[in-house]
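Undergrad: just need the structure, nothing else, for what follows:
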Amino acid sequence: MVFLTSEIFISYGQRERPAHMRTLVQRSACSGQAPTVRRSRAAGVLYNDSTCRARIRASIHAHREMRPCRPIHFEDLAMSTTTASAVIRRQDYTPPAFLIDSVALEFDPVPARTVVKNTMKLRRNPDAPGDSSRLELMGEQLEFVSAVIDGVAHADVRVHENGLSIGNIPSDAFELSIESTCNPAENTTLSGLYVSSGNFFTQCEAEGFRRITYFLDRPDVMATYTVTLRAEKAAYPVLLSNGNLIAEGDLPDGRHFAKWEDPFKKPSYLFALVAGKLVCIEERIKSASGKEKLLQVWVEPHDLEKTRHAMDSLIHSIRWDEKRFGLELDLDRFMIVAVSDFNMGAMENKGLNIFNTKYVLASPETATDTDFSNIEAVVGHEYFHNWTGNRVTCRDWFQLSLKEGLTVFRDQEFSADMAAGDAEGAASAAARATKRIEDVRVLRQMQFAEDAGPMAHPVCPESYVEINNFYTMTVYEKGSEVVRMYQTLFGRDGFRRGMDLYFQRHDGQAVTCDDFRHALADANHRDLAQFERWYSQAGTPRVSVRANYDAANKRYTLTLTQGYGEASEAARETQKGPLLIPFSVGLIGKNGADLPLRLEGEKEPDGTTRVLELAEREQSFTFVGVNEAPLPSLLRNFSAPVIVEYDYTNEELAFLLAHDSDPFNRWEAGQRFATRELLSLAGRAAKGEALSIDDQVIAAFARVLDDTTLTPAFRELALMLPSESYLAEQMTVSDPAAVHAARVFMSLRLASQLRDKWLATYEANRTPGEYRPTPEDAGKRGLKNLALAYLSQLDDPSEAVKLAQAQYDAANNMTDRSAALAALLLASATKDADPTVADAALADFYRRVENEALVIDKWFALQATQRGRPDRKVIEIVRQLMQHQAFNLKNPNRARSLIFSFCSGNPAQFHALDGSGYAFWAEQVIALDALNPQVAARLARGLELWRRFTPQLREKMHAALSEVASKAKSRDVREVVDKALAA
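TA: A predicted model of the protein is given here:
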């Protein structure tokens, strides 16, 4: 499953990130106090102002999003989870008392009262300890009708708030039929069975199935499913469920039915049902083994023409998984269904993936380059779950990263390969490096901050109150980095061997992260006991590096020391010992070339990049035959999710930016250089001192702008400034106002002193002709629109306004039109700008797209994240927009586009000294809590680092948190707020 953060549009116009037999078929089927800068010089930069894959991929400038990205329970513990204080602990796991071999479900979907008949074949679990005299089934917001055991009505049934307790159970295997009803029309939580635009949809992960029927709703209970749907044909012409369609037909009184069978055992969280008025695009393909497969993408009729890219992405995903991992599609049919009301990004239900429309619908006129990229990635992610998540699933929800961390890694590798295409050598490496930079930015911007706060937890958490709160950046993004380290240690072939053994051992099972680790270790004949700490220890590791060059003996020694620095209390509790850290390094000579590397004890050099295995708290590694004092290139390709502490000089960073052969570290050097300068500026701004910028910074940016040997996509990334939130995070006392002043000043100086270069870059990267969402064209558009954004910040932005207006009017794609609108909004914030130009463009944009919900989301987000004008606060604009006819708080996408974008994507305005942003935040968390606790809990995390801010802000944040704590009803929100207040 892909979980969503807010959609982010920060500061200024950046590029948005995230076959044969083709037919289109209509079917029935921070203040004035000076900040204190942390002394540690972290390699990690860029923390974005987002709540937690969509994992949506976001960037620093307006239109590149974070995907997210990029989103649990025990039968014997379910009874205790309704109270806010109830804690579920991993150590309390016990196997289920009963097992279910098969399930036959019958549905008669009616919005106000859907009848569900659930027939299960059960047996006692011989491996379960304790008493099994009663069968405890989970159930929430259901009406119990009847229970029948082996054909006889059963009376020993106790109905309680959390389900059913059934006594007098047969000693042998038995059949249990339960009839119940639910009310999908009133289900605003969007968990379980619900209605959206008149159609029925489901979302069962993590604990939604218990809102549909009484069940052993836990992931280690796996069964085969047969599903029969009956409904009015005119109202619900399409009836879909998991697996293969085995029967369909008409019934009396204008009704019809469809029967679906999933031959593969699955847990209840993978169940899905869809009924309504939908149409599809479909294709038939042959799998690697020659079997015919039917692929379908289902949408509402008016969206049919926006499905081609999703279908192509699905086909690419299937082919990639066959080639890279030898994994074929196992069902005869694979379906994707798009729905606009959806809490998450997408859900991997077996054979019937249900997606947020955001990750299905795309056309040049409505979707940006980021959208096209994210659709490909999310389609890939959910398809890859067919094996890593469905065929092999989680024993319990503490093992969530078993499927999500692994599948994020797989979708990252897929996207990197798709970006590289047919390119070879340096071109392929550059494309893959750009993708790697984007992924690491997500990790640093969001997960590193999570590790520093009260919600810090290991990749495998030890406990939770509400499992929905643990669909986190740690589980997803850090989890994927843990998986990537296996590949770094063993190579691609060794990783594949481990994956093969994993499936050989565990196909059809619900297992643990330890089982995955053992498979990788055994396949590569390696003891990985120490590696388990990556799963059980929270916090972001820090590696301090000291270097010594012995010129007389031509020896160069790197001493690496690992620790956690100033970890949060939640993280410190888990930190038991040193990690096994694969630390990739290179050495660069005075001429900018890599030096051959030979470690002490080796006979010959072995390449120019080496992976050092740091397994102790401190280790030294000595390279011999080093003829000159080198400059170290540390943690190449970000080989481990750690912060590197090494005191590079500005000159050394500029040298690395110009010469490092590792593209990631080349980008990294520029970011560290910019971060250092921005933090210095913020310190002076807080004291009211005059600001000036180091000429070396301008020169470094100029060199990147001039270096056409670098791809446009890489140059765009290298020329982006670190975000305001990341910069504030680097301070002992966060001061958003000082950071904003510093970043605005630096942006203006870069714009004014490099004006001609930005103009030349803008012109050189136009993409005339038909729109193509290729990596090459997207890179050019991204760099061009970044240039436009810088130019829009000039004291006199008139030239940029003309360029932006012309681009807006002539655009044949949403990337350029939305970037032009963002540039006009940015220009309107300058002192002498005419705000009516941007206002007119906003009105025109709305008129063009008022029937396109996903584009209206962009319209809301652009306004929520604008820099603002001297005469009007953005909070006032946001409150006014909440009264707009197109705003709907019940729709998660719309709530994220306006409320989340302001609260997490506009730090200078959100952290206003008067506390108005915090008051607004509290209002919206409370309002959302009554409608959709999952979405409310995401927003609630916006103030979890409140103790890090200036006293003026801290006091107001505490008041807002206390208000939410006193009024929130859901355990989702209470867990987040209570942990924040207790930190």
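
Undergrad: where does pLDDT dip in the chain?
TA: 5-85 (pLDDT under 70).

Undergrad: now do 50
TA: Scanning the chain for pLDDT under 50 picks out the ranges 6-84.

Undergrad: mind giving me the packing neighbours of the longest helix seen in the chain?
TA: What stands out as the longest helix in the chain, according to DSSP state H, is helix 479-506. If you count contacts as 3 or more Cβ pairs under 8 Å, 6 or more residues apart in numbering; DSSP states H and E, helix 479-506 packs onto helix 400-420, helix 513-523, helix 533-536, strand 581-588, strand 610-614. Using the backbone N, CA and C atoms, a C-beta is placed for each residue, glycine as well.

Undergrad: among the ones you listed, which is nearest residue 800?
TA: helix 400-420 (29.8 Å; Cβ to Cβ).

Undergrad: mean neighbour count and distance to residue 664 added to the helices and strands packed on helix 479-506, as JSON lines?
TA: Below are those laid out as JSON lines (neighbours: other Cβ atoms under 10 Å; distance: least, Cβ to Cβ, whole Å):
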{"stretch": "helix 400-420", "mean neighbour count": "25", "distance to residue 664": "12"}
{"stretch": "helix 513-523", "mean neighbour count": "20", "distance to residue 664": "24"}
{"stretch": "helix 533-536", "mean neighbour count": "20", "distance to residue 664": "20"}
{"stretch": "strand 581-588", "mean neighbour count": "22", "distance to residue 664": "10"}
{"stretch": "strand 610-614", "mean neighbour count": "18", "distance to residue 664": "14"}
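
Undergrad: any chance of those in a markdown table, plus distance to residue 194?
TA: Converted to a markdown table, the helices and strands packed on helix 479-506 look like this (distance: least, Cβ to Cβ, whole Å):
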| stretch | distance to residue 194 |
| --- | --- |
| helix 400-420 | 23 |
| helix 513-523 | 32 |
| helix 533-536 | 34 |
| strand 581-588 | 45 |
| strand 610-614 | 48 |
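
Undergrad: and residue 739, which of these is closest to it?
TA: Shortest distance between residue 739 and the helices and strands packed on helix 479-506, using Cβ to Cβ, is found for helix 400-420: 29.8 Å.

Undergrad: show me the contacts for the closest residue to residue 167 other than its chain neighbours.
TA: Of all residues not flanking residue 167 in the chain, residue 156 sits nearest, at 4.0 Å (Cβ to Cβ, 6 or more residues apart in numbering). Contacts here follow Cβ atoms under 8 Å, 6 or more residues apart in numbering; on that basis residue 156 touches 166-168.

Undergrad: next, the angle helix 513-523 makes with the longest helix of the chain.
TA: Angle, helix 479-506 to helix 513-523, by axes from the mean of the first three to the mean of the last three Cα atoms, to 10 degrees: 70 degrees.

Undergrad: how far does helix 479-506 sit from its chain's centre?
TA: 22 Å (Cα atoms, centre = their mean, to the nearest Å).

Undergrad: ok, stretch 214-224 next?
TA: Counting by Cα atoms, centre = their mean, stretch 214-224 comes out at 27 Å from the chain centroid.

Undergrad: please pick the buried ones from the contacts of residue 156.
TA: Applying 16 or more other Cβ atoms under 10 Å to the contacts of residue 156, the neighbour count classes residue 166 as buried.

Undergrad: okay, angle between the one helix or strand residue 780 maps to and helix 400-420 too, please.
TA: Element membership of residue 780 [criterion: DSSP states H and E] is helix 775-791. Here helix 775-791 runs at an angle of 90 degrees relative to helix 400-420 (the same axes, to 10 degrees).

Undergrad: quick one: distance of helix 775-791 to the chain centre.
TA: Using Cα atoms, centre = their mean, the offset of helix 775-791 from its chain centre is 24 Å.

Undergrad: show me what it is packed up against.
TA: Using 3+ Cβ pairs under 8 Å, 6+ apart, helix 775-791 sits against helix 369-384, helix 425-442, helix 712-719, helix 736-753, helix 755-764, helix 798-810, helix 814-828.

Undergrad: dump the ones you listed to CSV, plus mean neighbour count and distance to residue 107.
TA: Output for those, formatted as CSV (neighbours: other Cβ under 10 Å; distance: least, Cβ to Cβ, whole Å):
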stretch, mean neighbour count, distance to residue 107
helix 369-384, 29, 23
helix 425-442, 21, 39
helix 712-719, 25, 47
helix 736-753, 22, 51
helix 755-764, 16, 56
helix 798-810, 18, 48
helix 814-828, 28, 38
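
Undergrad: got those as CSV, with distance to residue 304 columns?
TA: CSV is the format used below for these (distance: least, Cβ to Cβ, whole Å):
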stretch, distance to residue 304
helix 369-384, 16
helix 425-442, 30
helix 712-719, 31
helix 736-753, 42
helix 755-764, 36
helix 798-810, 28
helix 814-828, 19
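
Undergrad: so which of these is nearest residue 300?
TA: Nearest of these to residue 300, taken as Cβ to Cβ: helix 369-384 at 16.9 Å.

Undergrad: could you dump that closest one to PDB, C-alpha only?
TA: Taking Å, rounded to 0.1, in the frame of the first residue of the first chain, the C-alpha atoms of helix 369-384 are listed here in PDB:
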ATOM      1  CA  ASP A 369       5.700  15.400 -15.300                       C
ATOM      2  CA  THR A 370       5.700  14.400 -11.600                       C
ATOM      3  CA  ASP A 371       2.200  12.900 -12.000                       C
ATOM      4  CA  PHE A 372       3.300  10.800 -14.900                       C
ATOM      5  CA  SER A 373       6.400   9.600 -13.000                       C
ATOM      6  CA  ASN A 374       4.400   8.900  -9.900                       C
ATOM      7  CA  ILE A 375       1.800   7.000 -11.600                       C
ATOM      8  CA  GLU A 376       4.400   4.700 -13.100                       C
ATOM      9  CA  ALA A 377       6.100   4.300  -9.700                       C
ATOM     10  CA  VAL A 378       2.900   3.600  -7.800                       C
ATOM     11  CA  VAL A 379       1.500   1.200 -10.300                       C
ATOM     12  CA  GLY A 380       4.700  -0.600 -10.100                       C
ATOM     13  CA  HIS A 381       4.700  -0.600  -6.300                       C
ATOM     14  CA  GLU A 382       1.200  -2.100  -6.100                       C
ATOM     15  CA  TYR A 383       1.900  -4.700  -8.800                       C
ATOM     16  CA  PHE A 384       5.100  -5.700  -7.100                       C
END
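
Undergrad: can you tell me the closest non-neighbouring residue to residue 753?
TA: residue 698 (5.2 Å).

Undergrad: now do stretch 742-762: distance to the chain's middle.
TA: 31 Å.

Undergrad: dump that stretch to PDB, restricted to CA.
TA: Below are the C-alpha coordinates for stretch 742-762, written out as PDB (Å, rounded to 0.1, in the frame of the first residue of the first chain):
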ATOM      1  CA  ALA A 742      17.900  33.700   4.800                       C
ATOM      2  CA  ARG A 743      16.400  31.600   2.000                       C
ATOM      3  CA  VAL A 744      14.600  34.600   0.400                       C
ATOM      4  CA  PHE A 745      17.900  36.600   0.500                       C
ATOM      5  CA  MET A 746      20.000  33.900  -1.000                       C
ATOM      6  CA  SER A 747      17.400  33.200  -3.700                       C
ATOM      7  CA  LEU A 748      17.300  36.800  -4.600                       C
ATOM      8  CA  ARG A 749      21.100  37.100  -4.800                       C
ATOM      9  CA  LEU A 750      21.400  34.000  -6.900                       C
ATOM     10  CA  ALA A 751      18.700  35.400  -9.200                       C
ATOM     11  CA  SER A 752      20.200  38.800  -9.600                       C
ATOM     12  CA  GLN A 753      23.900  37.900  -9.900                       C
ATOM     13  CA  LEU A 754      23.200  35.100 -12.300                       C
ATOM     14  CA  ARG A 755      20.300  36.700 -14.100                       C
ATOM     15  CA  ASP A 756      21.700  36.300 -17.600                       C
ATOM     16  CA  LYS A 757      22.600  32.700 -17.000                       C
ATOM     17  CA  TRP A 758      19.100  31.900 -15.800                       C
ATOM     18  CA  LEU A 759      17.700  33.600 -18.900                       C
ATOM     19  CA  ALA A 760      20.000  31.600 -21.100                       C
ATOM     20  CA  THR A 761      19.100  28.400 -19.300                       C
ATOM     21  CA  TYR A 762      15.400  29.100 -19.700                       C
END
